[in-house]
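**Q** pasting the structure only:
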Ligand SMILES: NC(=O)c1ccc[n+]([C@@H]2O[C@H](COP(=O)([O-])OP(=O)(O)OC[C@H]3O[C@@H](n4cnc5c(N)ncnc54)[C@H](O)[C@@H]3O)[C@@H](O)[C@H]2O)c1
Ligand SMILES: [Zn+2]
Ligand SMILES: [Zn+2]
């Protein structure tokens, strides 16, 4: 049996290992993709570091890490009709069952029987990866191959930005990790008229300006709520896009939201947190919504159009390109936050 190299979590402890394993063969509804590139997500760092969330969530070891894919289809399962060898693909990482209430009602992204690449099943930090055919997204030829793996986190940003009114609105993006940065860029493209971003990492503050933020605040030195109110005639922003998962950022953003505003939350706090529901949501008449994953597949269509039209350029946000075997260096950069998106090449 031919073998391949993969970066796998092998033990319930910090770190990962390069292992040799058999190249898997696709089941009837799967394809085998040769991995051309992959990118590192915050989730991968959590699994690598083996934080509390990973300890509770990962049930299966050893497991190949990674879920953000740019691949070329090299083999099709017997039942797969809509794809062909040679297709360059990205992949939706929420694997839906297709028959639960949520799947039936167009909400496959929150399928009750759902599983996730690189979390519940082998991922894509490898030379080859299996992908359920239903999760394959064929890359529009006009989109640079290097953007393919980034389409998944970009989809999180697109989903969040477009989850309510955005054109003509003043927007606060809290947290400028890769997804916050992409949210700034997408909000700008969609006609937000003022974009204020917050971030604590110097390198990412620079990237937020590049991505098109009008004002970037650092909560370590700036009084965020005051500055946002100043910039909005004391009213507050129309829209908050929460991309940090940081409790202080989350509370401050409620104070910086105008009455009747939209507050869309993608960021995930490490643990439960307290919030004054009456003050921040009820009396503020705020619309608060959680955002999970990407709509399958309307978000992917929109993300494709943003990229294929050339109107959205991800290049400034891809800050590092490394061989897959240097994944530890990538994890280190991610940990420090001195990066945008990091691509790994097998
Ligand atoms: N809901 C979903 O489906 C989904 C999917 C992917 C990621 N996420 C979550 O979305 C968030 C963004 O993802 P990411 O990959 O860009 O994560 P990330 O961790 O790279 O980015 C978070 C950023 O917030 C910054 N930050 C920390 N404290 C801050 C503060 N007080 N004020 C302002 N900024 C602060 C950090 O420096 C970092 O740059 C994360 O919380 C992640 O867990 C959610
Ligand atoms: Zn991801
Ligand atoms: Zn389902």
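**A** Arrived safely, thanks for sending. Everything numeric in this text was worked out from a predicted model, so none of it was measured. Ligands and ions are numbered 1, 2, ... in the order given.
**Q** near ligand 1 at all, the helix or strand where residue 226 lies?
**A** Secondary structure from DSSP states H and E places residue 226 in helix 224-231. No: Helix 224-231 is not in contact with ligand 1 by C-beta under 6 Å from any ligand atom; minimum separation 7.5 Å. To be clear about C-beta, it is placed using only N, CA and C from the backbone, and glycine gets the same treatment.
**Q** who does the helix or strand hosting residue 288 pair with, and is each partner parallel or antiparallel?
**A** If you go by DSSP H and E, residue 288 is part of strand 287-290. Under the criterion DSSP bridges, strand 287-290 sits next to strand 257-265 (parallel) in its sheet.
**Q** next SSE after the partner strand?
**A** Next helix or strand after strand 257-265 toward the C-terminus (DSSP H and E): helix 277.
**Q** how far does stretch 333-343 sit from the chain's center?
**A** Here the centre of stretch 333-343 is set off from its chain's centre by 14 Å, with C-alpha atoms, centre = their mean, to the nearest Å.
**Q** what comes up buried for that stretch?
**A** 333, 334, 339, 340, 341, 342, 343 (16 or more other C-beta atoms under 10 Å).
**Q** list the buried residues in the strand holding residue 288.
**A** Buried-residue list, strand 287-290, by 16+ other C-beta under 10 Å: residue 288.
**Q** swap in stretch 103-117?
**A** So stretch 103-117, judged by 16+ other C-beta under 10 Å, has buried residues 103, 107, 108, 109, 110, 111, 114, 117.
**Q** next: stretch 196-210.
**A** 196, 197, 198, 199, 200, 201, 203, 204, 205, 207, 208.
**Q** is it up against ligand 1 anywhere?
**A** Yes: interface with ligand 1: stretch 196-210 contributes 198, 199, 200, 201, 204 (C-beta under 6 Å from any ligand atom).
**Q** and what of stretch 96-108?
**A** No: using C-beta under 6 Å from any ligand atom, stretch 96-108 stays clear of ligand 1, coming no nearer than 13.5 Å.
**Q** name the residues of the stretch 1-150 of the chain found near ligand 2, please.
**A** Residues of the stretch 1-150 of the chain found near ligand 2 (C-beta under 5 Å from the ion) are residue 41.
**Q** just the stretch 151-300 of the chain next, same as before
**A** By C-beta under 5 Å from the ion, the residues of the stretch 151-300 of the chain that approach ligand 2 are residue 153.
**Q** give me that answer again for 6 Å
**A** Taking C-beta under 6 Å from the ion, the part of the stretch 151-300 of the chain that reaches ligand 2 is made up of 152, 153.
**Q** what are the ranges of the helices in the stretch 151-300 of the chain?
**A** Assigned by DSSP state H, counting those that start in this stretch, the helices in the stretch 151-300 of the chain fall at 151-161, 178-189, 202-211, 224-231, 247-256, 277, 298-308.
**Q** list the contacts for the residue of the stretch 151-300 of the chain found nearest ligand 3?
**A** Among the residues of the stretch 151-300 of the chain, residue 296 lies nearest to ligand 3; the distance is 10.5 Å by C-beta to the ion. By C-beta atoms under 8 Å, 6 or more residues apart in numbering, the residues touching residue 296 are 92, 94, 96, 108, 109.
**Q** ditto for residue 112
**A** 97, 100, 101, 102.
**Q** of the residues you listed, which is the nearest to residue 40?
**A** residue 97 (27.8 Å; C-beta to C-beta).
**Q** just put the buried residues of stretch 333-343 in a markdown table and tack on distance to ligand 1, pLDDT and secondary structure.
**A** Output for those, formatted as a markdown table (distance: C-beta to the nearest ligand atom, whole Å; pLDDT from 0 to 100; DSSP: H, G, I helix; E, B strand; the rest coil):
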| residue | distance to ligand 1 | pLDDT | secondary structure |
| --- | --- | --- | --- |
| 333 | 11 | 98 | helix |
| 334 | 7 | 97 | helix |
| 339 | 9 | 98 | coil |
| 340 | 9 | 98 | coil |
| 341 | 9 | 98 | strand |
| 342 | 11 | 98 | strand |
| 343 | 15 | 98 | strand |
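**Q** list just the nearest of the residues you listed to residue 132.
**A** residue 343 (23.4 Å).
**Q** just checking, the closest one touches residue 321?
**A** Yes: in this structure residue 343 lies within contact range of residue 321 using C-beta atoms under 8 Å: 4.8 Å.
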